[in-house]
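**Student:** Compute the structure for the input listed below.
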Amino acid sequence: MDIINLKERPDVCQQLAHWHYQEWHALYPQDSAESFLQDLKKSLGDRDIPSTWIMVEGDQLLGSCSLIEDDMDSRQELTPWLANVFIHPQHRGRGLGSQLVRAVMDKARQAGVSRCYLFTEDQSALYRKLGWTVYEETDNHGIPVTLMQMEFSA
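**Tutor:** Residues are numbered from 1 along each chain as shown. Now for the predicted structure:
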C-alpha cells in the first residue's frame, strides 16, 4: 500500500470523482459529477491546500483523502478541512481509512496547519479514535452531520 499525492497520478481523477459523486452527491445537491471532478483537479496545483492524497496498491486505486479550504456552505469561516475520505467498498474494514487519515493529518502538520475541521454523517467514533473532537452537531443541506475539529500541537 502506498499513499501518494494525486499530482503523481492525475489519470485517476475521473474515477475518483465518480466515486466521490456516488458517495456524497446528496450532501452537495447543487453539484454535478463534473463539479466533483473540477474540485479534485484543484488539488493538482502547487499549493498545500487544496491537495489530495490517494492510496494505491500497485496500479489499483483504493481511496482518497483531501485537505481543502472549505467544505460546508454554512461554515465558510472555518478552514481548512479534511475531506474526501473515501475507501472503495471492496477494501473497507481493513483500517485503510484510518491509515490514510493519519497520513494526511501528518501532511497538514507539515504544511503548518494548526487546526483542521471535518464533518461526517456516521463515522464520528472513528475520528474520535484518531484524536478528533466534536465541534458541534449540525446539518448539511438537511442531512444530520457531526462537525469535528483537530488541534495540532506546535
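**Student:** ok, and the closest non-adjacent residue to residue 109?
**Tutor:** What sits nearest to residue 109 in space, not counting adjacent residues and going by CB to CB, 6 or more residues apart in numbering, is residue 152, at 5.0 Å. Bear in mind the C-beta positions are built from the backbone N, C-alpha and C, glycine included.
**Student:** can you check residue 68 too?
**Tutor:** Spatial nearest neighbour of residue 68, excluding adjacent residues (CB to CB, 6+ apart): residue 50 at 4.5 Å.
**Student:** ok, so what distance separates the one you found from residue 130?
**Tutor:** Applying CB to CB, to the nearest Å, the value for residue 50 to residue 130 is 21 Å.
**Student:** And residue 151, by the same measure?
**Tutor:** Distance, residue 151 to residue 130, using CB to CB: 13 Å.
**Student:** swap in residue 64?
**Tutor:** Relative to residue 130, and taking CB to CB, residue 64 is found at 17 Å.
**Student:** neighbour-wise, which of the two wins?
**Tutor:** Per other CB atoms under 10 Å, whichever of residue 64 and residue 130 has more neighbours is residue 64, with 26 against 15.
**Student:** so what's the residue most central in space within the chain up against?
**Tutor:** The structure's the chain has its C-alpha centroid closest to residue 83; by CA atoms, centre = their mean the separation is 2.2 Å. The contact partners of residue 83, taken as CB atoms under 8 Å, 6 or more residues apart in numbering, are 65-68, 71, 118.
**Student:** is it possible to export those to TSV including pLDDT and distance to residue 14?
**Tutor:** Compiled in TSV, these are given as follows (pLDDT from 0 to 100; distance: CB to CB, whole Å):
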residue	pLDDT	distance to residue 14
65	97	18
66	96	16
67	96	21
68	95	19
71	85	21
118	96	25
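**Student:** In strands only, show me the residues you listed.
**Tutor:** Among the contacts of residue 83, the residues falling in strands (DSSP state E) are 65-68, 118.
**Student:** can you pull the pLDDT of the residue nearest to residue 43 when sequence neighbours are not counted?
**Tutor:** Nearest residue to residue 43 in three dimensions, chain neighbours excluded: residue 52, at 3.9 Å (CB to CB, 6+ apart). Confidence at residue 52, expressed as pLDDT, is 97.
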